[in-house]
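Any chance you could fold what I've pasted below:
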Amino acid sequence: MQQAMESCFAKTVMSGGAGFALGGVFGMFMASMAYDTPYHSPTTPGTGPGANPAAAGIPGYKPVDLSSMPLKEQLKHGFKDMGQRSYSTAKNFAKVGALFSGIECGIEGLRAKNDLGNGVAAGCLTGAILARNGGPQAAAVGCAGFAAFSAAIDAYMRMPSEED
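Numbering: from 1, shown residues only. Now for the predicted structure:
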């Protein structure tokens, strides 16, 4: 059992699952706050300011003001939107967690060391992979950003505790 838990596959799956769960909770929280700001124009999801401009060319397109709907309809739209946002965020967190964990475990296995360099390299590769569609400059910025964040977190986690 211990050997299975130390495999890169198991670590990747566990990180992806934990990322999905954490992302779902975070997404639900953020979606619930979306309608709680005075600057937000409460319209149905996908309509109103900031929506897809192509939707404006659709015959019969009309933004619907949520506040003019009955409470039951408002709740229906709100919970549907919350679920969609939560699921989307959960998938993204799972992807980032599994990708980083799998790369870090692979690097650790290749180097046969457990040090700060593994996390920094994994952060760089993860950031570059996630930003690859934006071109080489975006990949470089993603690499630097994820590597710096990983270094900061890893350095903090490796600090000796006050009890030692």
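
end-to-end on stretch 108-124?
With CA to CA, to the nearest Å as the measure, the ends of stretch 108-124 fall 14 Å from one another.

what's the offset of it from the middle of its chain?
Mean C-alpha position of stretch 108-124 versus that of the full chain (CA atoms, centre = their mean, to the nearest Å) differs by 22 Å.

list the buried ones in that stretch?
Within stretch 108-124, the residues that qualify as buried are 108, 118, 119, 120, 121, 122, 123, 124, counting by 16 or more other CB atoms under 10 Å. Placement of C-beta: from N, CA and C, glycine included.

what separates the last one from residue 77, distance-wise?
From residue 124 over to residue 77 the distance is 41 Å, taken as CB to CB, to the nearest Å.

And the helices in this protein?
Along the chain, counting by DSSP state H, helices occupy 2-5, 8-33, 71-111, 116-130, 136-158.

Ranking those helices by mean neighbour count, which comes first?
Across these, averaging neighbours per residue (mean count of other CB atoms under 10 Å) puts helix 116-130 on top, at a mean of 21.

Please work out which residues outside the lowest-mean-pLDDT helix or strand in the chain touch it.
Lowest by mean pLDDT, DSSP states H and E among the helices and strands of the chain is helix 2-5, with a mean of 78. Residues from elsewhere that reach helix 2-5 (CB atoms under 8 Å, 6 or more residues apart in numbering): 10, 11.

Using CSV, write out the CA atom coordinates for it.
Only the C-alpha atoms of helix 2-5 are listed here, as CSV (Å, rounded to 0.1, in the frame of the first residue of the first chain):
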residue,chain,number,x,y,z
GLN,A,2,2.8,2.4,0.9
GLN,A,3,4.6,1.7,-2.4
ALA,A,4,1.4,2.4,-4.3
MET,A,5,1.0,5.8,-2.5
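
just to revisit the earlier point, turn the helices of the chain into JSON lines, including distance to residue 65.
Shown next, in JSON lines, are those (distance: least, CB to CB, whole Å):
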{"stretch": "helix 2-5", "distance to residue 65": "52"}
{"stretch": "helix 8-33", "distance to residue 65": "19"}
{"stretch": "helix 71-111", "distance to residue 65": "10"}
{"stretch": "helix 116-130", "distance to residue 65": "36"}
{"stretch": "helix 136-158", "distance to residue 65": "37"}
